[in-house]
Structures are given as C-alpha cells and as structure tokens.
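Trainee: Would you be able to build a 3D model of this:
(2 chains)
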Amino acid sequence: MTSRKSVLVLGGSSDIGRAAARAFAKAGYDVALAGRDAAALEPDAADLRARYDIEASTRTFDVLDTASFDGFVAGLPVLPDVVISIVGLLGVQQKAESDLAHAATIMRSNYEGPSLILGLFAEKFLGRGNGTIVGVSSVAGDRGRASNYVYGSAKAGFSAFLSGLRARASRGGVHVVTVKPGFVRTKMTEGMKLIGPLTVEAPVVGDAILRAVEKKTDVVYVSGIWRVVMLIIKALPEVVFKKLKF
Amino acid sequence: MTTVSGWGRFPVVDSEMLRPRSFEAVGEAVVAGSVARGNGRAYGDAAIGTARTITMTAFDRVRSFDPVTGRIRVEAGVLLSDLIDTFGPRGFLPSVVPGTRFVSVGGAIAADVHGKNHHCEGGFGRYVDSILLRTGSGETIEASREQNSDAFFATVGGMGLTGVILEATMRLRPVETGWIRERVISASDLDAAMRALEAGDSATYSVAWIDCVARGRNLGRSLIYLGEHAGRDELAEGAVVFPVGKPPALAVPLDLPSVTLNPTSVRAFNELYYRVGARRAGGDHVVSLYPYFFPLDSLGGWNRIYGRRGFLQHQCVIPEAAAREVLGDILDRVARRGDASFLAVLKKLGHGDGLLSFPLPGYTLALDFPVNGDILTFLDEIDRLVVAAGGRLYLAKDSRQSRATFEAGYPALQRFKAIRKSLDPDGAIRSKLSQRLFDEV
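Mentor: Here you go, the predicted model:
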C-alpha cells in the first residue's frame, strides 16, 4: 500500500489499455491491470514497475462473467481512485446479422458488461465520496451505420449509460468521463483500412484519458476532427443517411 | 505482399509484412527468407526479408531496470526515444545514440550504430551485455561476451542475419541533466576541419557538418560541434533539468517535387548554414540534447524532401593514414557534381566491436544524394577510392554497393559466414541486403 493514487484498467491487455496504464504510471499512479488472463498481463505490469518506479499488479476479469463482478470488486485490496474500462469487442458485423450468439456477445461485451461493472464502481465511489470513472466508448455509437450497427448500438447504449451516470454521480463527488477515440491503430483495427488524418496511435488515446481525468472533462473526442465529422453524420436526414454505404 | 522500402525510400520492393505480438508468434513467423525489422530507419534494403519482413515494434516492454547501476533489460522493439523519455528524467540515457532517436534497440544492435562519442567510447554494442536471440534454426539462446560469444559478436553489427533479436540487456549512462554543453568551431577548409576533430579527441562528443558544395580554397569547410553532458550547476536558474522531447514540430506531408533540392538551393542553404553557424563559434553554450543529437528528428518524414524517387546515403569510413588525401578527393568530386544535399557529416571513429561492425579507426563521411541521373555510376567511382584506401561502407545506409566493395571492406566476413551457418544451417534468415551481398545465388 502506498500513498500514491491508483488506477484500475479493465481491458489491460488492449493497446489502449496498455497506453493508458503507461500514461497514469508516468504521472505517478499505482496501476492494476485486469483482463481475462492475469498471467499474460504480468510482463506489462513489470514494464510499468521498471519504467516508473510505481506498484503494478494484475487481476483476472472477464467482462462476460457478470456474476463475478461483485466478487471482483470486493476482492480488490484497495478501491482505486480511477477505474477505466477499455473492454470491448468489434466483432464481425456480417456474422452478427445472422449469428445471434455472436451479436449477443458483441452487445454484452460493449454494453452490458462495461456498464454493469462501472455502475458497481460508481456505487462504491459514491459511498466514499470521490473517484473517477472512465468508459471508452466509440464514435460508432453516435449513429448506427449499415456497416457496424451491432457494435455501434452497443456503444450507443454504453455512451447513454455513462451520460446518465455522470449526471447522477456528479452530485456525489464522482466524475464520469466518456472517451470516443475514433480510429486508433491497434490490434482491433489491424488489417482495416483507416483514414490517415482521422487515425491516431494508442499512446495519444492514453494521454488523452489521463488529461480528461485530471481536467474532469465529460466527453472526449480524442481527435477533435471527429467531433465535427460526427456532428455532420448525426445531422444528415435519415432519407439521405440510409443511402450511404459506410 | 506489400511494397516496402527503407528510410531512403530506395529501393522499393515486395515483401510480406508481419507484426507478431508474442515470441511464439515470432517463431512461427520465421520462414525461409525472413528478417526482422525495427522502426524502419535503415536506409536501404537491410530490414526487408526476401520473402517476409517481421516487424518487432510490438515488443516495446522494459523487463527490468536497476536505478543504481543503470542496467536495463528491454524487448527489442523498444525505441531509443522511449528510453530517453522514460529514463532521462530518472538520470539515465542510452550510452550511444545515432543521429535519430527513432530507432529500436534491436535495430541499434543489428547495425551496431555509432554516435558522436564513437572516437572515445565505442558503439552501441559495447554497452550491450547480453542478447536473447531466436536463431534461424529455431533455437532461442542468450548470447553475451562469455556465453555463446560467437553468436554475440556476429549479432552485434550482424544486420539481423544471425536471427531475430528478442531482448537485450545493456548499460545506460548516468547523466545529471538532459542538456549538452556545446562548443562550435568553424573550420575554413578540410585541413582545419580534421585538425579540429583531432583536437576534439578528448571531447565526449564530436562531429562536423561539412559543406560538400564548397569548392576550391573552401573545399571541406565545416562547423565542428563538440559536446559534453552539462551538470546541474551549469543550467540557468529555473531551467528544467530534463527537457521533454517533443514529437516532430513540422512534418513533410508529401513527396516534394525532386527539383526542390537543386544545386542552387543546396548551395544557398549551405552558405547560410555555414555563416550562421560560424557566428556562434567560440564560447560554450548549453543546448538541449534533442537538437544536439537529433537535429533532423524535429522534421517528421524528412526523407520525403528528396521526392518520390528516394535518396541514397553514402557513408564510408577511411582509415586514418589515408583519410586526408582520400576525403579531399571524394569531396572534390562531390563538389563538382553539386547535387549532394545539406546533410553531410564528417566524424572520427574508433574500433568496432562486432565482426561486421562498420567503424574502424579513421574518418567517416556521410553524404546524401537524390536518386537520379548517373548517381549509381558516380558512387561506384567513389567506392573504388574507398576500397583502395582500405575503407568500407556502412551497411545500415547501403542499398547499392557491389559485392566486391563489400568483401574488400569487411575482412571478418568469412568468420561471420561460418557463425551464421552454424546458427542457421538452412539459411532461413535472408534479407534483400544479404541476398545482394552475402548469399550464394
């Protein structure tokens, strides 16, 4: 136990998770990395310890195992100051159109699990009277598109959950940040055609999350241009929008 | 298949690009005709596999660090820029840095890169204690000066041809600050430049920017930059002890038309650069480590200023005894052509460490040329001068030297080949460079 602030990263093996962990560790936070395979996270925890001389640990966490959430939170040696959920699953839209199990997994991974676990932390934080909750959602949730609406709708639900939670929790000293990264060059987007000027590297997102927590920002579009792009996309009349193929 | 090239963007060739995320996946990725690639800063064809190129940048973890001794164990994809940003503020820097900080540790070992301190402190490999290597035959071995020492000395400077470097242990240098006490000396010709570098032998860092367009009595005129790590007591009141390395402030967004660099613009640039620099000559001043070590890093994608056809960097080293005469000859020929660019560097080197390490005691001259006209023929002529003087070319910059030039310059080549054969009997590890210079056809 140290007097430093601490952060819990759910989805710690993802590129954005690793980047966020480094950004917070560099700023002096102790870090707990959580993911399905805690042992696989150990090299990243060792990396954080060696680089930043902080404490770093690993925890097992499966976002689909909602029954384990109460135990997971109760089992933490210390309630963190900040919890970040980067958990998500892009899935395959075309598969999800006919494979209900796949569609349900996408919905549960991006909406149900992240919302429930962050909701649980919100209760604990409100009980303590402080804390910051960060949900990494997506610009895909701003409007359902033909090419990825199963993922997008789950992210839309997650964004709405965070929005409501923020409004409620802000009265109790707890801050909620919604992060909408746009295109990020990560494992998840490997092999996808990304549009250069709209794409950022994972460390940029990690730094943006830290900044948002420190400045108590509500909604972060990591690359400002996405705010404009999504404003336009949201403003398109449905009669035009449904003709678009993207 | 993807088209891929080195930093010089010449040649552009096909290779399958893979970016594994686990050491198991690296093992699976190695097929006949594979080579590892770091951050793609080798200029020519060194980090391009004949069939497959294995990019190691996902391996960016620090495994352990001892804040007392500065000993560090890292994965091979860690960039020197990352080490500087992370450990600089804790009082440690890489012991050797090349002219860009955006190189991986694996790449720095494979090219046994040198820095401005090579004349007195040696190259990157000298500070590497141990290397975790996945050999071409599929074994994973730890190689050091004591254990598997053949593999160690073949891997340092071995251009990735002994296998895939997975991790390395090395010694960082303790520093008090991120600042350099710099002294600029202006030299009106080659003799003066070499005298100044000679006199700068006792300086930790020394390098000369050389005006390769100046002719006649100005031939070889230079600005010599000597440097020492500045102590805390040398900083201005209130100065940050370790300045932050900013990402490139300016980026070249596209290939500039190849006329951008022409004899007139280069001559004008060099004239201005020399005059401005000469005015700063004399007393010491303290500068941030970034402009001192990495002047071009502030211009992102600077390799694009040479246009779509790319450029060649010719970097040779000439043994000390012949250096004055041969360098004078080369510079004279280059000045008559007038198309060498503003990036020309002259520096003294000491002994190399690896079997194929580039440095030898003498002077190295690095020149950039846009790819056009008869440049390849011209460089072949320069190579003849280099070979006759007992010199050699730097493989990390090379994309075009002949086998004869290469074989003449690297006397330990047969020994290297024998070690490589024992580590990789089936010859799985093959780059475009090894195909061009080493391998039986």
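Trainee: So which residues of chain B form helices?
Mentor: With helices called from DSSP state H, chain B shows them at B:23-29, B:80-87, B:105-110, B:118-121, B:149-155, B:190-199, B:263-280, B:289-293, B:320-337, B:375-388, B:403-409, B:413-423, B:432-437.
Trainee: just checking, what packs against the fifth one?
Mentor: Taking 3 or more CB pairs under 8 Å, 6 or more residues apart in numbering or on different chains; DSSP states H and E as the contact definition, the neighbouring helices and strands of helix B:149-155 are strand B:128-135, strand B:140-144, helix B:413-423. From N, CA and C alone the C-beta is placed, and that goes for glycine too.
Trainee: Ok, the second one next?
Mentor: Identification of packing neighbours for helix B:80-87 by 3+ CB pairs under 8 Å, 6+ apart yields helix A:38-52, strand B:71-75, strand B:92-94, helix B:105-110.
Trainee: Show me chain B divided up by domain.
Mentor: If you go by automatic domain parsing, the domain ranges for chain B are B:62-176, B:179-403.
Trainee: now do the same end-to-end measure for the first one.
Mentor: Domain B:62-176 has an end-to-end distance of 22 Å (criterion: CA to CA, to the nearest Å).
Trainee: Pick the most deeply packed of the helices of chain B.
Mentor: Compared across the helices of chain B, helix B:105-110 shows the largest average neighbour count, a mean of 30 (mean count of other CB atoms under 10 Å in any protein chain shown).
Trainee: ok now that one, how far from the chain's centre?
Mentor: Mean-position distance between helix B:105-110 and its chain equals 10 Å (CA atoms, centre = their mean, to the nearest Å).
Trainee: where's residue B:130 relative to residue B:353, distance?
Mentor: According to CB to CB, to the nearest Å, residue B:130 and residue B:353 sit 14 Å apart.
Trainee: dump the residue contacts of the residue nearest to residue B:44 when sequence neighbours are not counted.
Mentor: Once flanking residues are discounted, residue B:44 sits nearest to residue B:399: 2.8 Å by CB to CB, 6 or more residues apart in numbering or on different chains. When contacts are counted by CB atoms under 8 Å, 6 or more residues apart in numbering or on different chains, residue B:399 touches B:6, B:8, B:10-11, B:43-45, B:312.
Trainee: switch the cut-off to 6 Å
Mentor: The neighbourhood of residue B:399, defined by CB atoms under 6 Å, 6 or more residues apart in numbering or on different chains, consists of B:10, B:44-45.
Trainee: Quick check: which ranges of the stretch 201-350 of chain B have low pLDDT?
Mentor: Residues of the stretch 201-350 of chain B that meet the criterion pLDDT under 70 lie in B:249-250, B:253, B:257-261, B:342.
Trainee: how does it look with 90?
Mentor: The model of the stretch 201-350 of chain B has pLDDT under 90 over residues B:212-215, B:236-239, B:245-283, B:295-311, B:335-344.
Trainee: Check chain A too.
Mentor: For chain A (pLDDT under 90), the answer is A:1-3, A:182-201, A:222-246.
Trainee: Who are the packing partners of the lengthiest strand in chain B?
Mentor: Scanning chain B for the longest strand, with DSSP state E as the assignment, gives strand B:163-174. Here strand B:163-174 touches strand B:71-75, strand B:92-94, helix B:105-110, strand B:128-135, going by 3 or more CB pairs under 6 Å, 6 or more residues apart in numbering or on different chains; DSSP states H and E.
Trainee: Need the residues that contact that strand.
Mentor: By CB under 6 Å, 6+ apart, the surrounding residues in contact with strand B:163-174 are B:23, B:26, B:36, B:70-73, B:75-76, B:91-93, B:95, B:105-106, B:109, B:127-136.
Trainee: Could you dump the helices and strands packed on helix B:80-87 into a markdown table and include distance to residue A:17?
Mentor: Formatted as a markdown table, the helices and strands packed on helix B:80-87 follow (distance: least, CB to CB, whole Å):
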| stretch | distance to residue A:17 |
| --- | --- |
| helix A:38-52 | 9 |
| strand B:71-75 | 18 |
| strand B:92-94 | 27 |
| helix B:105-110 | 24 |
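Trainee: Please work out which of these is packed deepest.
Mentor: Counting by mean count of other CB under 10 Å, the most buried of the helices and strands packed on helix B:80-87 turns out to be helix B:105-110, with a mean of 30.
Trainee: To chain A, which of the helices and strands packed on strand B:163-174 lies closest?
Mentor: Nearest to chain A, of all the helices and strands packed on strand B:163-174, is strand B:71-75, at 7.6 Å by CB to the nearest CB.
Trainee: can you give me how far the closest one is from the chain middle?
Mentor: 21 Å.
Trainee: Dump the C-alpha coordinates for it into PDB.
Mentor: Extracted as PDB, the C-alpha positions of strand B:71-75 are listed here (Å, rounded to 0.1, in the frame of the first residue of the first chain):
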ATOM      1  CA  ARG B  71      21.500  -1.800 -16.200                       C
ATOM      2  CA  ILE B  72      18.300  -2.400 -18.200                       C
ATOM      3  CA  ARG B  73      16.700  -5.400 -19.900                       C
ATOM      4  CA  VAL B  74      14.300  -4.500 -22.700                       C
ATOM      5  CA  GLU B  75      12.400  -6.100 -25.500                       C
END
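Trainee: helices or strands up against that strand?
Mentor: Counting contacts by 3+ CB pairs under 6 Å, 6+ apart, strand B:71-75 packs against strand B:62-65, strand B:163-174.
Trainee: ok, which residues in chain A are in contact with chain B?
Mentor: A:43, A:47, A:50-51 (CB under 6 Å from any CB of the partner chain).
Trainee: a markdown table for those, including distance to residue A:242?
Mentor: Formatted as a markdown table, these follow (distance: CB to CB, whole Å):
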| residue | distance to residue A:242 |
| --- | --- |
| A:43 | 47 |
| A:47 | 47 |
| A:50 | 52 |
| A:51 | 49 |
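Trainee: Residue numbers of the stretch 51-200 of chain B in contact with chain A?
Mentor: B:61-62, B:64-65, B:86.
Trainee: hmm, which of those residues are the buried ones?
Mentor: In those, burial by neighbour count holds for B:61-62, B:65, B:86, counting by 16 or more other CB atoms under 10 Å in any protein chain shown.
Trainee: Return the member of those residues nearest to residue A:157.
Mentor: residue B:61 (34.7 Å; CB to CB).
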